[in-house]
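Student: Pasting the sequence and the predicted model now:
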Amino acid sequence: MTGAGLKNNFILSLIILAIVFSVLLPSSSSALSKKATVLIYHKFNEPDSPSTSIPTEVFEKQIRFLIEKGYRIISIDELVDALYHKKPFPEKAVVITIDDGYRTTYTEAFPVLKKYNLPFTVFLYMEGVGRFPAYMTVDQLKEMSKYDKVTFGLHSYYHKPLGSITDRKFLERDTKKAIKRFKKLLSFTPHYYAYPYGEYNHSVVQVIKDLGLEAAFTQDPFNVSPETDPYLIPRVPMVGSWATLKNLRWFLETEPMEVSEYNPSFGVLPENPPGRFVFKIERLGLYKDIRFYISELGWLIPEVDLKKSLVTVTVKKSLKRRVNRVALDAVDKRSGHKARFFYLIVKPSE
């Protein structure tokens, strides 16, 4: 065979190999992941509300950062579908949510999100929208609803902190009233709910389920896994001092900790002091430097039993705050990144 013939055969072999590998290896666009990040925003460019607002310029920088770093901003429907089917998320998945329906959602955030053609969800405080000056008008809601990548959800009617409320009649009345006004303004039934102030308990969750809402969102600051309960979907706040690119990067890299069981459960505690906290983690050996956190007391070092896959800590001090967030924090040995798990507890009535 001539030199030219050998060269042609070599080139042909390279082409065949390239085709084979392109079929066998998944492309980056089809890569899957076991975590997703749900971001939560409230107000935009409202310096009089420093703890809940983000400058529009910073918001747009965050959006550009997500796009430039290859994050895939997905719809809330895609996230919830993955949870119900226990399937992985798209690689580097992010969901954008905005609570309350403040007017600056329309005047500041909406133009940015529309500019980049991104999906997002707005959870509406139904007593406020279309009525109170700080919130979107009915015309603004209807104009925003024409954008085919926006989803609207419920954020209750009265916007009460629900963690301590176990009265089913009140919870049903509030939610039904919110659904009724939502349907009146937008002409369809909402599917998703965000707990006001991020507060919830078993009674609240059950009412949300019973009234036909398909998923609900907290304000527990960690990432979502395919095993996440669809009615306890955590969200990372991007407001006030939290709303920096440094914090955004950190949260995006954090892993959801694989906690399969925990006790005491979320919501109203059976007793105070709460006593023994127990976390079941089937693959406990994946983690190191495990710490326990409770808002009122700070960080504590728990007992770790690798044989039983249990992490435990006893809290003998009575809690004074009405609500606390409980967390486990560790380092994931596989990635070297932080891994976290959060939930909310409520002090029982005295």
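Tutor: Arrived safely. Quantities reported herein were computed from a predicted structural model and do not represent experimental measurements.
Student: And the pLDDT at Leu32?
Tutor: Looking at Leu32, its pLDDT is 76.
Student: now the helices: where do they sit in the protein?
Tutor: 3-24, 56-68, 76-84, 103-104, 110-115, 138-145, 168-186, 202-210, 245-253 (DSSP state H).
Student: Now mean neighbour count too, for those, in JSON lines please.
Tutor: Every C-beta, even on glycine, is put in place using the N, C-alpha and C of the backbone. Listed next are the helices of the chain as JSON lines, based on neighbours: other CB atoms under 10 Å:
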{"stretch": "helix 3-24", "mean neighbour count": "10"}
{"stretch": "helix 56-68", "mean neighbour count": "16"}
{"stretch": "helix 76-84", "mean neighbour count": "18"}
{"stretch": "helix 103-104", "mean neighbour count": "20"}
{"stretch": "helix 110-115", "mean neighbour count": "16"}
{"stretch": "helix 138-145", "mean neighbour count": "16"}
{"stretch": "helix 168-186", "mean neighbour count": "16"}
{"stretch": "helix 202-210", "mean neighbour count": "18"}
{"stretch": "helix 245-253", "mean neighbour count": "15"}
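Student: Adding distance to Tyr193 and mean pLDDT, write those helices out as TSV.
Tutor: Shown next, in TSV, are the helices of the chain (distance: least, CB to CB, whole Å; pLDDT from 0 to 100):
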stretch	distance to Tyr193	mean pLDDT
helix 3-24	43	39
helix 56-68	24	98
helix 76-84	11	98
helix 103-104	22	98
helix 110-115	21	98
helix 138-145	18	98
helix 168-186	8	98
helix 202-210	5	98
helix 245-253	23	97
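Student: Quick one: those as CSV, columns for distance to Arg325 too.
Tutor: Listed next are these as CSV, based on distance: least, CB to CB, whole Å:
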stretch, distance to Arg325
helix 3-24, 45
helix 56-68, 24
helix 76-84, 22
helix 103-104, 27
helix 110-115, 29
helix 138-145, 32
helix 168-186, 22
helix 202-210, 16
helix 245-253, 15
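Student: quick check: domain ranges of this protein?
Tutor: 28-256, 261-346 (automatic domain parsing).
Student: Out of those, which one sits most buried?
Tutor: Among the domains of the chain, ranked by average contacts under mean count of other CB atoms under 10 Å, first place goes to domain 28-256 (a mean of 18).
Student: The closest residue to Glu214 other than its chain neighbours and Lys115, how far apart?
Tutor: Spatial nearest neighbour of Glu214, chain neighbours left out: His191 (4.7 Å); criterion: CB to CB, 6 or more residues apart in numbering. Separation of His191 from Lys115 (CB to CB, to the nearest Å): 26 Å.
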